[in-house]
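Student: Below: sequence and its predicted model.
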Amino acid sequence: MQKSAYEIYNELEKLDLLKDSPKFWWPNAGTFEVVVGAVLTQNTTWRNVEKSLKNLEGFLALDAFVTLHEDVLKIKIKPSGFYNQKAPRLLQLSHNIKDTFGTFENFQKSVSRDWLLEQKGIGEESADAILCYACFRPEMVVDSYTKRVLKEYGIVFRRYSEYKYFLESDLKKHFSQEALFFAFAKFHGMIVEYSKKKSVLKPLH
């Protein structure tokens with residue numbers, strides 16, 4: 001019998017995977033840095049993203065980021081790879097946020113998933129990561145780790161939206177609306193940490 005998303009959540013929770021992680025798992029959650037990180041992490045490892053973020057110290061707030069010249073940004077984010085694509089996309093995104101919402105705080109409160117998906121270089125995974133970890137919205141992030149963990153349970157879907165619905169709909173039955181964002185952030189974080197530490201952990205089932 002197929003396990004529910006909530007049962008998988010509870011199995012991961014028993015492993016205490018987030019004991020050494022920040023409160024919301026993603027570093028500096030609730031800041032513009034998450035927006036930058038969500039784009040930089042595409043097609044690379046988080047270790048490389050950390051190098052780029054370190055190079056960007058002093059520019060990881062919206063008002064500072066929009067002052068960067070594209071050529072300078074390319075050099076700073078080079079460790080993350082695909083910098084010729086990511087630099088212009090990040091600058092365009094930051095200017096669009098500034099032009100549309102004025103401040104990052106207003107962006108957090110007012111941005112929609114549809115608006116994010118209209119931005120060049122922002123797919124469903126990046127949009128949900130921004131909404132969850134930058135804006136504290138109840139959106140579950142589905143990445144390659146998520147798909148691999150679910151496959152261990154024999155759960156495979158064709159579309160991103162199907163994975164997202166499977167994970168979200170069950171947890172919505174068990175958490176209040178206020179607690180849902182934290183549950184989704186924690187669930188995704190546990191999946192990633194389990195995947196990284198899998199070789200030294202007992203199998204989930």
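Tutor: Happy to help now that I have it.

Student: and the longest helix for this protein?
Tutor: helix 177-197 (DSSP state H).

Student: list the helices and strands that one packs on?
Tutor: helix 5-13, helix 144-152, helix 160-171 (3 or more C-beta pairs under 8 Å, 6 or more residues apart in numbering; DSSP states H and E). C-beta here means a position set from N, CA and C on the backbone, and glycine is covered the same way.

Student: hey, C-alpha coordinates of the first one in CSV?
Tutor: What follows is helix 5-13, C-alpha atoms only, in CSV (Å, rounded to 0.1, in the frame of the first residue of the first chain):
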residue,chain,number,x,y,z
ALA,A,5,3.0,12.2,2.2
TYR,A,6,2.4,12.8,5.9
GLU,A,7,3.7,9.3,6.7
ILE,A,8,6.9,10.0,4.7
TYR,A,9,7.2,13.3,6.5
ASN,A,10,7.0,11.6,9.9
GLU,A,11,9.5,8.9,8.9
LEU,A,12,12.0,11.7,7.9
GLU,A,13,11.2,13.7,11.1
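
Student: Please identify the buried residues of the longest helix of the chain?
Tutor: Counting neighbours by 16 or more other C-beta atoms under 10 Å, one finds that the buried residues in helix 177-197 are 180-195.

Student: Return the residues in contact with residue 141.
Tutor: Residue 141 is in contact with 125, 128-129, 132, 184, 188, counting by C-beta atoms under 8 Å, 6 or more residues apart in numbering.
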